[in-house]
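# I would like the atomic coordinates for the input below:
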Amino acid sequence: MSFREKYAKLGSRYDALDGPLERFFTPLRKKAVEFISGRVLEVGVGTGFMLPYYPPGIELHAVDAVPEMLEIAKKRAKELGMNARFYLMDVEHLDFPDESFDTVVSAFVFCTVPNPERGMREIFRVLKPGGKVVFIEHTRSDCRLLNWFFLKPLDVILGLMIGDNTLRETHELVRRYFMVINEEAHYGGTVRLMVAEKEDKAFKTRGAL
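Predicted coordinates:
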């Protein structure tokens with residue numbers, strides 16, 4: 001069963017599953033939006049956990065690959081009085097022109113993306129040179145004990161439930177594409193907040209990929 005099918009089956013129950021963890025993630029979400037501006041794209045919006053924290057004055061576009069999740073996000077945005085646009089698409093295939101956005105946000109997405117390299121390349125493509133990309137992601141810890149005794153068991157459970165891979169080194173993938181200007185490791189490095197920029201020179205190099 002694909003991750004899309006797993007998330008579709010969860011539907012509105014996803015909030016009940018992930019909601020209890022939000023007290024740990026809310027401070028990171030609030031900090032993440034301090035770095036955004038202009039025309040913003042959120043990839044993998046899910047049911048819209050990031051939506052309450054976006055500041056006024058931005059132009060928000062949000063995508064997700066699961067129709068059932070996207071409908072919940074739309075409803076949440078309406079309840080919040082937000083003027084946001086939603087699209088059914090995934091981060092590996094973004095149907096936007098090159099250099100379309102000033103900021104891209106990804107919150108707990110790359111643990112699920114089937115081809116992380118392709119997804120990162122698409123983010124790079126649609127981000128303007130000099131633009132910022134903000135990640136809050138599950139990552140492999142620098143502590144082997146945490147990886148073996150916490151993340152590996154969790155990885156099995158979440159893999160079966162929603163197709164998540166909590167042991168990915170997304171932080172290393174980010175560094176290959178962008179210039180990191182802020183990085184914070186939380187909960188033993190199992191969750192990281194990263195803010196990075198797309199350099200003009202790097203765009204010319206990566207544009208050939």
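# Beta-bridge partners for the residue nearest the centre of the chain, please?
Centroid-nearest residue in the chain, with Cα atoms, centre = their mean: Ser106, separated by 2.1 Å. Ser106 has the following beta-bridge partners by DSSP bridges: Val43, Phe135.
# Just list the residues touching it, thanks.
Residues counted as contacts of Ser106 (Cβ atoms under 8 Å, 6 or more residues apart in numbering) are Glu42, Val43, Gly44, Val91, Ile123, Val133, Val134, Phe135, Ile136, Glu137. Any C-beta I mention is one placed from the backbone N, CA and C, and that applies to glycine too.
# okay, the residues you listed in TSV with pLDDT next?
Formatted as TSV, those follow (pLDDT from 0 to 100):
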residue	pLDDT
Glu42	98
Val43	98
Gly44	95
Val91	96
Ile123	98
Val133	98
Val134	98
Phe135	98
Ile136	96
Glu137	91
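# Now do the strands in this protein.
39-43, 59-64, 85-88, 101-107, 127-138, 179-186, 191-197 (DSSP state E).
# so can I have a markdown table of those showing distance to Lys75?
Shown next, in a markdown table, are the strands of the chain (distance: least, Cβ to Cβ, whole Å):
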| stretch | distance to Lys75 |
| --- | --- |
| strand 39-43 | 16 |
| strand 59-64 | 13 |
| strand 85-88 | 10 |
| strand 101-107 | 19 |
| strand 127-138 | 23 |
| strand 179-186 | 30 |
| strand 191-197 | 27 |
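# rewinding a little: tell me the one of the contacts of Ser106 nearest Asp98?
Set against Asp98, the nearest of the contacts of Ser106 by Cβ to Cβ is Ile123 (11.8 Å).
# Okay, the closest residue to that closest one other than its chain neighbours and Glu42: tell me how far apart.
Distance criterion Cβ to Cβ, 6 or more residues apart in numbering; nearest residue to Ile123, sequence neighbours excluded, is Val104 at 5.1 Å. Val104 sits 8 Å away from Glu42 when distances are taken as Cβ to Cβ, to the nearest Å.
# again with Tyr53
11 Å.
# these two touch, right, Glu183 and Val191?
No: counting by Cβ atoms under 8 Å, Glu183 stays clear of Val191, with 11.8 Å between them.
# So which of those two has more stuff around it?
Val191 (20 against 14; other Cβ atoms under 10 Å).
# max-length helix in the chain?
helix 67-80 (DSSP state H).
# which other helices and strands contact it?
Applying 3 or more Cβ pairs under 8 Å, 6 or more residues apart in numbering; DSSP states H and E, one finds that helix 67-80 contacts helix 3-10, helix 13-18, strand 59-64, strand 85-88.
# next one: it to chain centre, how far?
Put simply, helix 67-80 sits 17 Å off its chain's centre (Cα atoms, centre = their mean, to the nearest Å).
# How about stretch 73-85?
The chain centre lies 18 Å from the centre of stretch 73-85; the measure is Cα atoms, centre = their mean.
# what's that stretch in contact with?
Val45, Gly46, Thr47, Gly48, Leu51, Pro52, Tyr54, Leu60, His61, Ala62, Asp64, Phe86.
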